[in-house]
Each structure stands twice: as C-alpha cells, then as structure tokens.
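Participant: based on what follows, work out the 3D shape:
(2 chains)
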Protein chains: 2
Amino acid sequence: MRVIIDVMSGDNAPAELLLGAVLAATEYKVDITVVGNRQIIDQIAKEKNINLEKIAVVDTDIVINMDDPALSVVRDKSGSSMSIGLKMLANGEGDAFVSAGNTGALLAGATLIVRRIKGIQRAAIATVLPFNSPVLLIDAGANLVVTEDIFEQFAVMGSVYMEKLYGIKEPRVGLLNNGTESTKGTPLMVETHKRLTTSPVNFVGNVEGKEIPFDVCDVLVTDGFTGNVVLKLIEGMGGFMMTTLKGMFMQNPLTKLSSLVMKEKLKGLKREFDASEHGGAPLLGISKPVIKAHGSSDAKAIKNAVRQAMNFINNGVMYEIARHAMEFSDKRANQNSAEKSTQEND
Amino acid sequence: MRVIIDVMSGDNAPAELLLGAVLAATEYKVDITVVGNRQIIDQIAKEKNINLEKIAVVDTDIVINMDDPALSVVRDKSGSSMSIGLKMLANGEGDAFVSAGNTGALLAGATLIVRRIKGIQRAAIATVLPFNSPVLLIDAGANLVVTEDIFEQFAVMGSVYMEKLYGIKEPRVGLLNNGTESTKGTPLMVETHKRLTTSPVNFVGNVEGKEIPFDVCDVLVTDGFTGNVVLKLIEGMGGFMMTTLKGMFMQNPLTKLSSLVMKEKLKGLKREFDASEHGGAPLLGISKPVIKAHGSSDAKAIKNAVRQAMNFINNGVMYEIARHAMEFSDKRANQNSAEKSTQEND
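Facilitator: Residues are numbered from 1 along each chain as shown, chains lettered A, B, ... in the order given. I've put the predicted structure just below:
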C-alpha cells in the first residue's frame, strides 16, 4: 500500500508534512511517496535531521497557492505537487492521496484527474465535527447548490464512511434544517426529507442547529454553503469560548490559581477543537481515496491523515459507495425510461 | 405610550408574562394592556399577589399554540390573544406589541393584520447575538428564500435598528458567506455582494462563520434558513460548552474547589447565552413595532422586551426604515420604467 503526500501544501509546508510522512512510514509500515521541491526537501531533511530513506520523493518546484483558482490544477499549474500527486493516484502509482492545500483546487483536480465514482453526481467534502461522539458533516463546502438526488448520495456516502471507518452500524442520518417537522425548510428540503425516508439509509429526520453537538445523528447531511458556515461557526465558537474562559481565569489571584488546577482539562478542551486530532476530510464520491488535511496540519495531523487514508483503503469504502451508486444509476435509468414511456403513451 | 402584551404566549404563560407586564408598568411608567384569559389572570394575580391596578386586561380564552399553523392567526384562531393584540396595534389602541408565542403565526399576523412598511417586500426577524459586542442577525428565520432586493432591505433595516437602538454610527454590515472574497458563494450571494457595495449602508464585505463571534460587523445579513441554523447552533454550542465545563469541574476535589471559585464567573458566562438578558427579536419591516420575546421568557425578559418596544417607538426606527423604503420604491419604479422604455425602443 502506498500513500502519496503533497508536502508543499498547507501552512507548515514542507517541514511538518515531511516529518509527518516519515513518522507514518515508520509507525505504520506503509510506503510513502512525497511530491515537492527536492532541493528544499533535502535541505530541510538535513537541517532537521529527518531520515528520508523510507520515503520516495517526486520532484517539482511548482506549488498551488491558497489563492490560485481551482482550475489551475489542470491548467497553468498542471505540473504542481498537487496535480502530480493526483495523476500518480489516477495512474495507480499510489493507493491514496493526502494534501493540506487549496480545497477548491483539490476538489477540481480529484474530479477531473482521478474522476468520480460512476453514478455519483458530485464529490463532497466530509468532515468529522469535534464533539463527544463523531458526527460526519457532509457536504462541508464543496457544492453550494444541490438537488435531492445529490442530497441522497451525500447521505449514502456518509453512511458508508461512518460504518466502515468508525464501526457504527446503520449510522443515523440527519438532515440539517430550520426545524424538526417534516414540513420545515425550503421546497428542496421538504422534497429531500421525503426522499431520505425511502433511501437505503437510517434516516432519523430533520436536525436543528442547536442539536448538532448532542449526538442526535452520525451523519449530518447539508449543502456545501450551510455546511461551510456550520463548520466555521463551530471553529469560531470554540475559539470564542476559550478566549472568554481565559479572561475569566485571569481576573484575580484566586481565579488564576484555579486556572492552574484546570490547566490540563482546558488543554483537553482546546484539543477537542483542534484539527490535528480529528484527521483530514475525505473527498467522498471520488473513485480513489483523496484526503484533505487541515491547512494548519502539523506532523501529527499528517501522520493521522495517512492512517485515515489506510483505513479508507482497507475497509473498501470506495467499493461500497460504488455498489450503492450503481443502484442509484439503475433506479434513475428505470425512472427515466418509465417517464419516457408515460410520455409516449400520452 | 401603550404596549400590548400577549400574556398567554410562551413556556411561562401567563404568570411570568403578567409579572413582567406589571414590573414594566411600575418601573417604566408605561401604559400596558395585557391580552389573555381574564379568569386565569385574576386567579394568578390573587395567588401570586400581583397588583393588576396599573394594567388593562382584554379578555379572550383562545390561545395560539406552538404547533398551530401560522395562518391560524387570521383564520380559526382570529379571536386568540395574539390576533386581538395585533388588531389593537393595527387600530391604534396601542403603540407596540410583545408576544412570546408561535413565531410563524406572529410573523403572518403582523404581516396580514398590521401590514408591512410600504416598499419593504418581506418582514424579517432580527436577533442580537450574545457576544461581547452586539451583532444583529437578520434574517433569523422568517424568509427561507430571498433575493438581492430583499437582502438589501435586510441590510438597511438592520442598520437603522442598530444605529437607533444601540447608538452605533454607520453600523458595519457583513454578508454571511462561505468565504471573504467577493466572488464567493452562490450566484445570488455574488450578486448580493455587488448590490451591497452600492447600497446606502456601511458594507464591510463577506463574513465567514468563524468570524461571527469576533466583532467584525454590527449587522449580519443572511437568509432565514442559514440565520436559523446559525442562531440555533450558537445556542447549542453555548449549551455544549457549559456542559463540558461542568464535567471538567466535577472530576476531582481540587477541580470542584476551582468550580466554587469560578462559580460567579461561570454564571456570567451562562447569562451571556441567556435569552432574558438580550430582550426580544423585533420583526423589522412591519409598520408598527412588534417584538418576539423568546419562548422561555421570564418576567425580567418580558420587562426588557417592553423597554425594547419603548426604545423602538421613541427612536423613530419605523420612520427611518419607511424613508429608506420609499427610496427603494422610487429606485425600482425608475428601473422598471427604464427597462420598459428600453424594451419599447427595441
């Protein structure tokens, strides 16, 4: 098994990504290929005393930046570390790809170079929310405009992921909405609620914003616009609460003493909201495993993303999604031919 | 000045609402009319030793429940406390109306009985978010589907409200989006961003979910679907953090001791997220002041909502919104006649 890592991506590139790659290669006995500027990589390895023996290096000095347009991955920057990594994955020169870079470019590249699973209309970014029990938010930002077909595919892909990677039997699927009743939401939400009740998933109904932290579902289905707002608001609220708590603890000598007692616990709370603990976000719907690591990923986060990629491969997530996708295709083909014959009979 | 209160609404009706009405009448020297079941009101006044001398009572035994359809307010329950209160407001028998009841019914009733300000296409629910500095979220749940015209009206109404009621000069208006760049979001969001740059508001650009708690704008414009999710998620996150903190403080004798030291501070934090401190949500765009108090309002929250209604009246919020709305109407009329003459010339 070989995992390809774009070490030029993210805020801490390439040092932390390189270190994460070596840690993963050592700890998990997995083959690793890193893509990036060999000169810089060699220099950092020397400076930081990182042993590169266990990993393969593919050289490029082109990097996709955070403000590059998404399509640069297949256009003017098709020689970038991200593009090369995706092409290697598509060509079978690796089994999974990890990048901490530009999300839009990664999504575009994965879709255009690695391709979607047949029958899946859109790839989605799936992210595990940092609560006591894992909740997979899908879509976390890839598709701003969706349909009930696409919502249903999100529900199925999310269910497969949580069952295979988290061992949750019949994951509870919730639809994020502005109320719990089935009549709530826009016409699209009402239609999607209807659709999900007949889907091959364990649909538990609409979920409101205030319920998200309290373990009411394992898969939370939403469009990429709302998902992006939710994910970032959770991050913002975590930061706000930590800042507020710090202020409270710093007010007088007695509260400062309390802060010493609580120090480790507060660190734990901060860790809850820390990206490196929860690994990366898989791009579900792509025909091979592509993991988006957080932009601020450190070595540990990259190591975790590699483990996540390995679990992804070992548990056959892709095959299970493909199986469902075939059923969708068949169902739609039947619907279309039924509609056609109805029209012909009119 | 007379404020009308629907005392049969909300979780704590009618006792807490009645008490809040009496507190407001006493403290603010404002005339109060309460609408509700006189028999129950008299009984509670007797039991709780509430002096009803200062307030007028209008009798009805019909109540709109939380699960009644919105239009019941003008149909089968047009004799309810909410309907009667709204009719009194429309007829000039009071200057503002406060209810803690069914939001959908209140919005429908306010729109159909009291009517919108001329030129305003939709009334919106505006809610102040519980952070260190006030942020007005508009729309917090009334309009799931909107247009750039409606977004612009939200921006203007929100700006007037924050300037008049919070004394903020040229309130900063942000557009909630999935990124800060002007090209971010759905086509509607891109168009709205363009529109707001030419609006008579202090538009500071797109705002991401993670920025919401950190004082980046005074008015946060969004559609009612996203607004509802955001508002409820903030509530949920507040609850989640308090529960997590409690768990941390209860782990051993030393942390328990810390919790005693921090008790008052934690109460303060809880208060930050407590609806009663922040008053009710005005229905902006209605031609007279209608305040939606939180469903869980206690006497203090109702008293605060009355004060808010009084500020609303005293500061001429309505007239300022109406003035802008006239400008919108004129602009649209000009655009339409320009379009018409272009078409005629084609």
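
Participant: okay, and the beta partners of the residue nearest in space to the middle of chain A?
Facilitator: The centroid of chain A falls nearest to residue A:281 when counting by CA atoms, centre = their mean (1.7 Å). The partner list for residue A:281 in beta bridges (DSSP bridges) reads residue A:292.

Participant: residue A:57 is in contact with residue A:38, correct?
Facilitator: Yes. In this structure, residue A:38 is within contact of residue A:57 by CB atoms under 8 Å, at 5.5 Å. In short, each C-beta sits where N, CA and C put it, glycine included.

Participant: more neighbours: those two, which one.
Facilitator: A side-by-side neighbour count of residue A:38 and residue A:57, using other CB atoms under 10 Å in any protein chain shown, places residue A:57 first with 18 against 15.

Participant: wasn't the more buried one part of a strand?
Facilitator: Yes. Membership of residue A:57 in a strand is supported by DSSP: H, G, I helix; E, B strand; the rest coil.

Participant: what about it, distance to residue A:5?
Facilitator: 10 Å (CB to CB, to the nearest Å).

Participant: now list whatever residues contact both of these two.
Facilitator: A:33, A:34, A:35 (CB atoms under 8 Å, 6 or more residues apart in numbering or on different chains).

Participant: just the ones in strands from the residues you listed, please.
Facilitator: Under the assignment DSSP state E, these contribute A:33, A:34, A:35 to strands.

Participant: for those residues, which one is nearest residue B:220?
Facilitator: Proximity of these to residue B:220 was ranked by CB to CB; the top entry is residue A:35 with 40.7 Å.

Participant: now do that closest one, the pLDDT please.
Facilitator: pLDDT for residue A:35: 98.

Participant: contact partners for it?
Facilitator: Contacts of residue A:35 (CB under 8 Å, 6+ apart): A:4-8, A:57-58, A:60, A:81-82, A:84-85, A:88.

Participant: am I right that residue A:205 is in a strand?
Facilitator: Yes. Per three-state DSSP, residue A:205 lies within a strand segment.

Participant: what sits against it?
Facilitator: With CB under 8 Å, 6+ apart, residue A:205 has these contacts: A:174, A:175, A:180, A:182, A:193.

Participant: again, 6 Å this time
Facilitator: Residue A:205 makes no contacts at all, as judged by CB atoms under 6 Å, 6 or more residues apart in numbering or on different chains.

Participant: and chain A, which residues reach chain B?
Facilitator: For chain A, the residues in contact with chain B (CB under 6 Å from any CB of the partner chain) are A:144-145, A:178, A:186, A:208-210, A:212-213, A:225-226, A:228-229, A:232-233, A:235-237, A:240-241, A:248, A:254-255, A:258, A:261-262, A:265.

Participant: how many neighbours does residue A:333 have?
Facilitator: 11.

Participant: now stretch A:158-173: how far from the chain's centre is it?
Facilitator: Offset of stretch A:158-173 from its chain centre (CA atoms, centre = their mean, to the nearest Å): 15 Å.

Participant: who touches that stretch?
Facilitator: By CB under 6 Å, 6+ apart, stretch A:158-173 touches A:134, A:136, A:138, A:155, A:201-204, A:217-219, A:311, A:315, A:317, A:320-321.

Participant: could you do stretch A:292-308 as well?
Facilitator: In contact with stretch A:292-308 (CB under 6 Å, 6+ apart) are residues A:3, A:10-12, A:16-17, A:19-20, A:23-24, A:98, A:100, A:103, A:106, A:275-276, A:279-281, A:291.

Participant: among those, which ones are buried?
Facilitator: A:3, A:10, A:12, A:16-17, A:19-20, A:23-24, A:98, A:100, A:103, A:106, A:275-276, A:279-281, A:291 (16 or more other CB atoms under 10 Å in any protein chain shown).

Participant: for the stretch 51-200 of chain A, which segments count as helices?
Facilitator: Ranges of helices in the stretch 51-200 of chain A, per DSSP state H, counting those that start in this stretch, are A:81-90, A:103-109, A:148-166, A:187-197.

Participant: so which of those helices gets nearest residue B:42?
Facilitator: helix A:187-197 (44.2 Å).

Participant: hmm, back to that, wait, which of the helices of the stretch 51-200 of chain A is closest to residue A:67?
Facilitator: helix A:103-109 (10.2 Å).

Participant: tell me where the stretch 101-250 of chain A has strands.
Facilitator: A:124-129, A:135-138, A:172-176, A:202-207, A:219-221 (DSSP state E, counting those that start in this stretch).

Participant: TSV please, covering these and showing mean pLDDT.
Facilitator: Shown next, in TSV, are those (pLDDT from 0 to 100):
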stretch	mean pLDDT
strand A:124-129	95
strand A:135-138	96
strand A:172-176	98
strand A:202-207	98
strand A:219-221	98
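
Participant: please identify the most buried of those strands.
Facilitator: strand A:219-221 (a mean of 30; mean count of other CB atoms under 10 Å in any protein chain shown).

Participant: now do that strand: distance to the chain's middle.
Facilitator: 13 Å.

Participant: what's that strand packed up against?
Facilitator: Applying 3 or more CB pairs under 6 Å, 6 or more residues apart in numbering or on different chains; DSSP states H and E, one finds that strand A:219-221 contacts strand A:135-138, helix A:148-166, strand A:172-176.

Participant: of those, which is nearest residue A:92?
Facilitator: helix A:148-166 (21.9 Å).

Participant: mind listing what's buried in that closest one?
Facilitator: For helix A:148-166, the neighbour count (16+ other CB under 10 Å) marks A:148, A:150-165 as buried.

Participant: and stretch A:320-332, by the same measure?
Facilitator: Within stretch A:320-332, the residues that count as buried by 16+ other CB under 10 Å are A:320, A:321, A:322, A:324, A:325, A:328.

Participant: just send those back as JSON lines, with secondary structure and pLDDT too.
Facilitator: JSON lines is the format used below for the buried residues of stretch A:320-332 (DSSP: H, G, I helix; E, B strand; the rest coil; pLDDT from 0 to 100):
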{"residue": "A:320", "secondary structure": "helix", "pLDDT": "93"}
{"residue": "A:321", "secondary structure": "helix", "pLDDT": "94"}
{"residue": "A:322", "secondary structure": "helix", "pLDDT": "93"}
{"residue": "A:324", "secondary structure": "helix", "pLDDT": "90"}
{"residue": "A:325", "secondary structure": "helix", "pLDDT": "88"}
{"residue": "A:328", "secondary structure": "helix", "pLDDT": "77"}
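
Participant: what's the farthest-apart pair in the residues you listed?
Facilitator: A:320 and A:328 (13.1 Å).

Participant: coming back round to it: from the residues of chain A next to chain B, keep the buried residues only.
Facilitator: Those of those that meet the buried threshold are A:144, A:178, A:208-210, A:212-213, A:225-226, A:228-229, A:232-233, A:235-237, A:240-241, A:248, A:255, A:258, A:261-262, A:265, by 16+ other CB under 10 Å.

Participant: and residue A:113, what is it in contact with?
Facilitator: A:86, A:87, A:90.

Participant: distance-wise, check the last one relative to chain B.
Facilitator: So the one you mean is residue A:90. Counting by CB to the nearest CB, to the nearest Å, the separation of residue A:90 from chain B is 28 Å.
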